[in-house]
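> any chance you can model this:
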Amino acid sequence: MVAKPGLDGHDRGARILARCFRDAGFEVIYTGCRQTPAEIADSAIQGKVNVVGLSCLSGDHCSLFPQVVKLLRERGADDITVIGGGIIPEQDFQKLHETGIKAIFTPGAPLDTIVNWISNNV
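Numbering: from 1, shown residues only. Predicted structure coming up:
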């Protein structure tokens with residue numbers, strides 16, 4: 001699943017990733033823009049997904065990404081892998097990893113690198 005939490009309305013990268021994942025043979029759910037962490041967690045659980053890819057360009061990744069992980073854990077879905085991407089400063093990587101984000105991909109990451117990470121880790 002690819003999701004855009006918060007008020008960020010720029011979803012070109014998320015749509016490119018969703019298409020890339022589909023072309024790689026993954027079944028993909030794209031939730032669209034402006035989703036709350038609760039809506040994302042609910043959609044992930046209802047869709048029985050293996051991975052949630054969160055995209056954030058607004059700078060609110062240190063708040064929104066951990067909220068999604070927390071809600072998944074609270075709802076018994078801690079087996080869903082959560083990865084993140086977008087405009088994320090390197091100094092935030094450690095904090096995000098500590099909250100449960102398994103991988104972070106920033107602009108310019110080769111699409112095959114992301115697909116391979118998912119294939120090898122999920």
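> when you work out contacts or count neighbours from here on, use the C-alpha atoms and nothing else.
Will do.
> could you pull out the helices in this protein for me?
Assigned by DSSP state H, the helices in the chain fall at 12-23, 37-46, 61-74, 93-98, 111-121.
> how about JSON lines for those, with distance to I87 added?
Shown next, in JSON lines, are the helices of the chain (distance: least, C-alpha to C-alpha, whole Å):
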{"stretch": "helix 12-23", "distance to I87": "11"}
{"stretch": "helix 37-46", "distance to I87": "18"}
{"stretch": "helix 61-74", "distance to I87": "9"}
{"stretch": "helix 93-98", "distance to I87": "11"}
{"stretch": "helix 111-121", "distance to I87": "16"}
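> which one, of those, ends up nearest to S55?
Closest approach to S55 among the helices of the chain is made by helix 12-23 (6.4 Å; C-alpha to C-alpha).
> who's in contact with the closest one?
If you take C-alpha atoms under 8 Å, 6 or more residues apart in numbering as the criterion, helix 12-23 is touched by M1, V2, A3, K4, E27, V28, I29, Y30, S55, L111, V115.
> can you flag the buried ones in those residues?
M1, V2, A3, K4, V28, I29, Y30, S55, V115 (16 or more other C-alpha atoms under 10 Å).
> closest to L96 among the residues you listed?
S55 (13.2 Å).
> so which bits of the lowest-mean-pLDDT helix or strand in the chain are buried?
For the chain, using mean pLDDT, DSSP states H and E, the weakest element among its helices and strands is helix 12-23, scoring a mean of 94. Residues A14, L17, A18, C20, F21 are the ones in helix 12-23 that count as buried (16+ other C-alpha under 10 Å).
> which of those residues sits closest to Q46?
Among the buried residues of helix 12-23, A18 lies closest to Q46 (C-alpha to C-alpha), at 18.4 Å.
> in contact with A24, which residues are there?
V115.
> check what pLDDT it gets.
A24 is assigned a pLDDT of 97 by the prediction.
> again with the one 5 residues further on
You'll see I29 listed with a pLDDT of 97.
> picking that back up, got TSV for the contacts of helix 12-23, with distance to P89 too?
Below are the contacts of helix 12-23 laid out as TSV (distance: C-alpha to C-alpha, whole Å):
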residue	distance to P89
M1	23
V2	20
A3	19
K4	18
E27	30
V28	27
I29	27
Y30	25
S55	13
L111	19
V115	22
